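need coordinates for the below:
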Amino acid sequence: MRKYEAVFIFAPSVDEERRNGLIERFKGIIETNGSLLSIDEWGSRKLAYEIDDLTEGYYILLNIEAGSDVIDEIDRVTRITDGIIRHMIVREDEK
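Numbering: from 1, shown residues only. Okay, the predicted model is just below:
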């Protein structure tokens, strides 16, 4: 298993209850064949450029240890979920 960092940017219109529900869904996917090391909520921040007429987003960072199948599933779910305007999953370098 490898370590990954995943950043999700939620639309500002997504309420806290729905955002927490999506995070719980990601936790469930991760914990099937991996482990969630940490969750860091950065909160609302200004975007570097407009995305779909939005200038602000709610950022969440997840540190994950999992196999590539878990990462592929998170990527698939993120692409079909309304309310997430951008996401990025990056493998951490091994030291």
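
quick one: average pLDDT of the longest strand along the chain?
Looking across the chain with DSSP state E, the single longest strand is strand 34-51. Taken as a whole, strand 34-51 has an average pLDDT of 92.

hmm, who's touching it?
1, 3, 9, 12, 23, 27, 30, 54-67, 70, 85-86 (CB atoms under 8 Å, 6 or more residues apart in numbering). In this view, the C-beta of every residue, glycine as well, is placed from N, C-alpha and C.

restricted to buried residues, select these in ChimeraX.
Buried subset of those, written as a ChimeraX selection, criterion 16 or more other CB atoms under 10 Å:
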select :3,9,23,30,57,58,59,60,62,64,66,70,85
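
follow-up on the earlier one: neighbouring strands of the helix or strand that the longest strand of the chain is followed by in the sheet, and parallel or not?
Downstream of strand 34-51, the first helix or strand assigned by DSSP states H and E is strand 54-66. Paired neighbours of strand 54-66 in the sheet (DSSP bridges): strand 2-10 (antiparallel), strand 34-51 (antiparallel).

just name the most buried of those strands.
Of all the strands paired with strand 54-66, strand 2-10 carries the top mean neighbour count, a mean of 19, counting by mean count of other CB atoms under 10 Å.
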